[in-house]
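# Pasting the sequence and the predicted coordinates here, then a few questions.
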Amino acid sequence: MTDILIIGAGPAGLSAAITIAEHGLNVHVIDEYMDAGGRLLGQLYEEPNGNWWNGIKESNKLAEKASNLGVKISLNTSVNNIEKIDDKWVVYTDTNTYSTSHLLLATGAAEEPFPIPGWTLPGVMSVGAAQVMTNVQRVKPGERGVIIGVNVLSSAIAMELNLAKIDVATIALPKINQITEESGNPENVLNSLLHVAHMAPSAFVKFGSKLMKNDFMKKLGITFFPKGGVKMWGIPIQLRKAVIEIYGEERVEGVKMATISPTGEVIPGTEENISADFVCIAGGLYPLAELAAVAGCPFHLIEELGGYVPLHNNRMETTLDGLYVAGNITGIEGAKVAISQGVTAGLSIVHNSGKQKLDQEIAASIQAIEKTREEAYIQFHPDVKEGKKKLQQYWEAHKSSKQLVQS
C-alpha cells in the first residue's frame, strides 16, 4: 500500500511529489523513461531577462529535491493498467502492482506527426526526437536538416538546434490534405507563428508581427509573404512553400518543395529539391491522457488546450474520488505552468487525505498558476485561457447534473 502514487516524473509529477513530501506524507513516483524530467529534459532557451532555461538542470534540481525529501522514484517502469477496487486505485506495472487512495496522473503530452511520402526513410524523425538527441543525448541528428511543420514547438526547437550549430535549411509547411488541413494552411499557421515572433532576434519580424492584428492584414501578409521566407535565427521560415515529398535511396537525401497559393494549393511547375540528411516532422503536441480514459474519467475536446482533456477542476481534482491530474495531460502548456499545477495537485492531495486543511494554500497556488500562465515565454496555444474557461464551464455543468441526480 502506497500513501500517494504519481504516474509521471516530469515537472508536474516531481513538483507535486515535493509538495506532498514537504507536508509529511509518503509518495512514490513512477515513470517509463530512464531519467526524471519528462519533456523538461530537452528544453533550452534564453528568457527575456537574459537568463537561460536549461531543462536538464531544472529536472535535476527537482529530482534531487524530491529524493532529499524521501520521495521514491522508480524509472523504467511502464504502467499497463489502472482500476478502482473498493476505495483504492490499483496500478499495474511491468514489475509491480501498487495500491493507493490518491493517484495523480502527470503523464504529459505526446507528439502528433503527420504522414508524408518518404517519411519511413531512415533519418526522418519527430521534432521532439531531434530535441532529445541534441539537448539530452548530445548527439547531432544530422548535419543539415529540414523541419516540416511551422508551429510554436518547431520554432522553439529550431532555435535550440541552431544553438547547437546544426544547419536547419528551412522550416516549411506540409502539403495540404485532409490530415494537414490546419497545419498546411498558410493563414492558420501565421496565426500560430505570431505568438512566437517575440522570440525572434530580428527586429523586422517583431515589428511585422505587430502590424498583423486583423484578418485583412493577415491575408495581405500571406499574399505578399516573401517566396524565400522570413528568417528567424538565420533559418528561413516558409509559409508559401510546402514539402511534397521526402526523397532518398537508403536514407534521407533531401526534400522536394513547391510554392503554394495563399490557401495552400500547390502551384504546378514550382517544384525544387532541397538537400538534407535528416528531416523533422512537427505536427504539434496533444495531451497524453490514455490512463485517465482507462480509469473512466470523462473527457471533453477543447482545441484551445490541444485536444481531449480529462474533466477536472482548478484544484486538479477529476470527477473520480482520489484521482488527480496535472501538467500537459490537462492541456498543452510550458514546463513552468506544469510545475505550478503540480504544486496545486500536491496540496489538494494532502488536503483530501485529511491530514491538514489547506484551502488557503490551494487558493494561493491556483492564483500562482494563472500568474505563471500569464508570464509564459512560450505559449503553445494562444487561446489557452479561453480553453480553461470552457473546461470550468463543463465542470460546473457536471456538478449541477450530479446534484440533480442526488436530489
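In hand now; what should we look at?

# quick one: the nearest residue to L311 once chain neighbours are set aside from G331, how far?
The shortest distance from L311 to any residue that is not its chain neighbour, by Cβ to Cβ, 6 or more residues apart in numbering, is 4.7 Å, and that residue is P298. Using the backbone N, CA and C atoms, a C-beta is placed for each residue, glycine as well. Between P298 and G331 the computed distance is 16 Å (Cβ to Cβ, to the nearest Å).

# Which one's more surrounded, those two?
G331 (24 against 14; other Cβ atoms under 10 Å).

# so what's that one up against?
Taking Cβ atoms under 8 Å, 6 or more residues apart in numbering, we find G331 in contact with 287, 302, 304-306, 309, 381, 384, 387-388, 391.

# Please tell me how far it sits from A17.
Distance, G331 to A17, using Cβ to Cβ: 21 Å.

# show me the contacts for the spatially closest residue to I281 that is not a sequence neighbour.
Counting by Cβ to Cβ, 6+ apart, I281 lies nearest to P113, which is 4.5 Å off, once chain neighbours are set aside. The contact partners of P113, by Cβ under 8 Å, 6+ apart, come to 119, 126, 281, 283.

# likewise A172?
The neighbours of A172, taking Cβ under 8 Å, 6+ apart as the test, are 146-148, 150, 229, 238, 241-243, 255, 257.

# circling back to that earlier point, what's the closest of the contacts of G331 to E374?
Checking these against E374 by Cβ to Cβ gives V384 as the nearest, at 10.4 Å.

# picking up where we left off before, give me the subset of the contacts of A172 lying in strands.
With strands identified by DSSP state E, the entries of the contacts of A172 that belong to them are 146-148, 238, 241-243, 255, 257.

# Low-confidence stretches in the stretch 151-300 of the chain?
Where the stretch 151-300 of the chain drops to pLDDT under 70, the residues are 191-229.

# Do a quick rundown of the strands in it.
167-174, 230-232, 235-247, 254-259, 272-275, 278-281, 285-287, 299-302 (DSSP state E, counting those that start in this stretch).

# Mind listing what's buried along the third one?
Applying a neighbour-count criterion of 16 or more other Cβ atoms under 10 Å, the buried positions in strand 235-247 are 235-247.

# want to throw the residues you listed into CSV with distance to K399?
Written out in CSV, the entries for the buried residues of strand 235-247 read as follows (distance: Cβ to Cβ, whole Å):
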residue, distance to K399
I235, 48
P236, 51
I237, 45
Q238, 48
L239, 44
R240, 49
K241, 50
A242, 46
V243, 47
I244, 50
E245, 52
I246, 50
Y247, 55
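
# Closest to E370 out of those?
Minimum separation from E370 among these (Cβ to Cβ) is found for I237, which lies at 31.3 Å.

# That closest one contacts P186, correct?
No: using Cβ atoms under 8 Å, I237 is not in contact with P186, being 11.2 Å away.

# My guess is A368 contacts Q341. True?
No: A368 lies out of contact with Q341 (Cβ under 8 Å); the separation is 9.6 Å.

# And these two? Which one has more around it.
Set side by side, A368 and Q341 show more neighbours around Q341, with 32 against 16, by other Cβ under 10 Å.

# Might you report the residue contacts of that one?
With contact taken as Cβ under 8 Å, 6+ apart, Q341 is in contact with 12, 15, 316, 326-327, 330, 369.

# Looking at those residues, point me to the pair that's furthest apart.
Distances among the contacts of Q341 were taken as Cβ to Cβ; the most separated pair is S15 and T330, at 13.8 Å.

# before we move on, the earlier item: what would the contacts of P113 look like in JSON lines with distance to L291 and neighbour count?
Putting the contacts of P113 into JSON lines (distance: Cβ to Cβ, whole Å; neighbours: other Cβ atoms under 10 Å) gives the following:
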{"residue": "W119", "distance to L291": "28", "neighbour count": "16"}
{"residue": "S126", "distance to L291": "21", "neighbour count": "19"}
{"residue": "I281", "distance to L291": "26", "neighbour count": "26"}
{"residue": "G283", "distance to L291": "22", "neighbour count": "22"}
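
# residue ranges of the strands in the stretch 1-150 of the chain, please?
Using DSSP E, counting those that start in this stretch, the strands assigned to the stretch 1-150 of the chain run over residues 2-7, 27-30, 44-46, 52-54, 72-74, 79-85, 88-93, 97-105, 109-111, 124-126, 144-148.

# Name every strand pairing with the second one and say which way it goes.
Pointing back at strand 27-30 there. Using DSSP bridges, the neighbouring strands of strand 27-30 in the sheet come out as strand 2-7 (parallel), strand 72-74 (parallel).

# ok, now the last one?
According to DSSP bridges, strand 144-148 forms sheet pairs with strand 167-174 (parallel), strand 278-281 (parallel).

# Check the average confidence over that strand, would you?
Mean pLDDT, taken over the full extent of strand 144-148, equals 97.

# Identify all contacting residues around it.
Applying Cβ under 8 Å, 6+ apart, the set of residues contacting strand 144-148 from outside is 116, 127, 130, 154, 157-158, 161, 166-174, 243, 254-255, 274-282.

# any idea how far E58 is from V29?
Here the distance between V29 and E58 works out to 16 Å (Cβ to Cβ).

# tell me which residues of stretch 297-305 are tucked away?
Judged by neighbour count (16+ other Cβ under 10 Å), stretch 297-305 contains these buried residues: 297, 300, 302, 304-305.

# Adding distance to S401, write those out as TSV.
Supplementary listing: these in TSV, determined by distance: Cβ to Cβ, whole Å:
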residue	distance to S401
C297	16
H300	14
I302	19
E304	23
L305	22
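
# No more questions from me, cheers.
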